[in-house]
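Novice: sequence unavailable; structure follows:
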Ligand SMILES: O=C(O)CCC(=O)C(=O)O
Ligand SMILES: [Fe+2]
């Protein structure tokens with residue numbers, strides 16, 4: 001395994017997107033915010049989302065629920081209520097963001113909602129608790145991967161550990177996420193739909209710097225399972241032949257083998273060889 005403390009780490013150059021501004025009634029503000037989002041999607045593939053309207057206490061109750069869940073002395077409790085509230089609110093934020101991202105692609109705002117049939121979208125959440133682990137230098141919490149789905153939303157109780165590979169090939173330490181921001185990462189299926197225009201970025205979690213436990217919730221927001229996802233005709237032409245084969249979301253979640261849906265990336269299996 002290579003060195004994780006790479007020479008090329010960059011401390012946090014993650015764009016910040018103001019959700020409210022994307023829907024500002026002032027057309028000038030709105031268009032500035034959308035330009036900013038276009039830049040974040042094209043040149044980064046990830047960003048901090050602020051002003052999303054999910055109250056702080058909703059995040060707090062999710063972290064508390066996860067903390068209790070991993071605590072063997074804690075009995076089964078009411079954690080599900082807080083979780084459901086969080087998931088429902090996050091889904092709404094993500095659908096709103098889909099409208100804005102549709103516009104950055106030059107489409108009507110319902111484009112992503114329709115392309116992925118988000119009325120019955122398939123979301124999966126990973127709830128992670130990383131214990132303090134500063135003795136095992138270089139330990140990998142989660143190895144390099146991209147995620148299926150069109151957006152991944154991530155919340156965390158403290159900064160530190162998440163690294164994402166930038167478009168220039170350097171690992172960015174995600175360490176300056178504002179409290180109660182949502183880290184949004186574009187997923188494999190947005191990359192497929194846009195024929196590689198909006199890319200899904202490799203990320204990982206290192207735990208060697210954690211002095212205290214860290215909790216995160218990563219939700220993979222996906223199309224409905226029966227949605228056929230393939231490069232949309234708008235992104236395909238002679239100089240941009242289709243770079244991925246089409247598959248239903250379910251098929252792509254099964255493409256790693258086995259008969260079961262797994263929620264690992266299978267974008268490598270869907271990539272077509274360049275002629
Ligand atoms: O915990 C994190 O910061 C990221 C976890 C992650 O990438 C995932 O669950 O897909
Ligand atoms: Fe991930």
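Specialist: Cool, the structure landed. All values derive from a computational prediction rather than experimental measurement. Numbering: from 1, shown residues only. Ligands and ions are numbered 1, 2, ... in the order given.
Novice: quick check: residue 175 touching residue 12?
Specialist: Yes. In terms of C-beta atoms under 8 Å, residue 175 counts as a neighbour of residue 12; the distance is 5.3 Å. Glycine gets a C-beta too; all of them are placed from N, C-alpha and C.
Novice: those two - which one has more neighbours?
Specialist: Using other C-beta atoms under 10 Å, the more surrounded residue of residue 175 and residue 12 is residue 175, with 16 against 13.
Novice: not counting sequence-adjacent ones, nearest residue to that one?
Specialist: residue 159 (4.8 Å; C-beta to C-beta, 6 or more residues apart in numbering).
Novice: dump the residue contacts of the one you found.
Specialist: Shown in contact with residue 159 (C-beta atoms under 8 Å, 6 or more residues apart in numbering): 174, 175, 176, 177.
Novice: distance of the second one relative to residue 269?
Specialist: When C-beta to C-beta, to the nearest Å is applied, the distance between residue 175 and residue 269 equals 33 Å.
Novice: before we move on, what about the first one?
Specialist: From residue 174 over to residue 269 the distance is 28 Å, taken as C-beta to C-beta.
Novice: go on, the last one?
Specialist: Distance, residue 177 to residue 269, using C-beta to C-beta: 32 Å.
Novice: tell me the secondary structure at residue 163.
Specialist: strand (DSSP: H, G, I helix; E, B strand; the rest coil).
Novice: confirm for me that it is in contact with residue 202.
Specialist: No. In this structure, residue 163 is not within contact of residue 202 by C-beta under 8 Å, at 9.3 Å.
Novice: neighbour-wise, which of the two wins?
Specialist: Legend: neighbour count by other C-beta under 10 Å for residue 163 and residue 202, higher for residue 163 (22 against 17).
Novice: if you skip the residues just before and after it, what's nearest to the more buried one?
Specialist: Distances taken as C-beta to C-beta, 6+ apart place residue 171 nearest to residue 163, at 4.6 Å, with adjacent residues excluded.
Novice: just the pLDDT for that neighbour.
Specialist: On pLDDT, residue 171 comes in at 94.
Novice: over to the one 4 residues further on?
Specialist: Per-residue confidence for residue 175 comes out at a pLDDT of 92.
Novice: tell me the secondary structure for it?
Specialist: coil.
Novice: phi first, then psi, for the residue in the stretch 1-150 of the chain that ligand 1 sits nearest to.
Specialist: Going by C-beta to the nearest ligand atom, ligand 1 is nearest to residue 126 of the stretch 1-150 of the chain, at 3.8 Å. As for residue 126, its main-chain torsions (degrees, to the nearest 10) stand at phi -110, psi 120.
Novice: any idea what the closest residue to it other than its chain neighbours is bridged to?
Specialist: Computed as C-beta to C-beta, 6+ apart, the closest residue to residue 126 that is not its neighbour in sequence is residue 218, at 4.7 Å. Under DSSP bridges, the beta-bridge partners of residue 218 are residue 126, residue 154.
Novice: surely residue 218 is in contact with residue 141?
Specialist: No. Taking contacts as C-beta under 8 Å, residue 218 lies outside contact range of residue 141: 11.9 Å.
Novice: between those two, which contacts overlap?
Specialist: Shared contacts of residue 218 and residue 141, counting by C-beta under 8 Å, 6+ apart, come down to residue 128.
Novice: okay, those two: which has more neighbours?
Specialist: Neighbours were counted for residue 218 and for residue 141 using other C-beta under 10 Å; residue 218 has more, 21 against 18.
Novice: which residues does the more buried one contact?
Specialist: Neighbouring residues of residue 218 by C-beta under 8 Å, 6+ apart: 125, 126, 128, 147, 152, 153, 154.
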